[in-house]
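Colleague: sequence-free structure coming up:
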């Protein structure tokens, strides 16, 4: 049996530094091999003030579709969705406060919503 794969995806790229390092150290400490973890982000950069809803709809749609394609290609067993936007896109749920750390199924995938690191 091949090792389970984890995809960690955030609303925008985790910054190099404390938050990205913290997540990686935590996952490795819990016994995941770094080859089992794929890192990704829906958006290519953090929008001004983190206001994703202020981006043009065409930009959001393009980024959403590209992220869904990359996830399909990666074929993860579990997706750790970091942030409200990820949770809505990948689990079909709104309100990260309500769904934080829940194990959800959406379109055949296991999605675990979590607060974003940035």
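Modeller: Thanks, I have it. Keep in mind that this is a model prediction, so the values were computed, not measured.

Colleague: Residues contacting stretch 32-52, please?
Modeller: The contact list for stretch 32-52, computed with C-beta atoms under 8 Å, 6 or more residues apart in numbering, reads 3-14, 20, 24, 27-28, 54-55, 60, 63-64, 67, 70-71, 74, 76, 85-86, 89, 118. C-betas here are computed from N, CA, C, even on glycine.

Colleague: Find the least confident helix or strand in the protein, judged by mean pLDDT.
Modeller: Taking mean pLDDT, DSSP states H and E as the measure, the helices and strands of the chain show their lowest mean at helix 18-29, namely a mean of 73.

Colleague: helix or strand right after that one?
Modeller: Toward the C-terminal end, the helix or strand that comes next after helix 18-29 (DSSP states H and E) is strand 37-41.

Colleague: which one's the longest helix in the chain?
Modeller: Identified as the longest helix of the chain according to DSSP state H is helix 57-74.

Colleague: Mind checking which of the contacts of stretch 32-52 are buried?
Modeller: Neighbour-count burial (16 or more other C-beta atoms under 10 Å) applied to the contacts of stretch 32-52 gives 5-14, 20, 24, 27, 60, 63-64, 67, 71, 76, 85-86, 89, 118.
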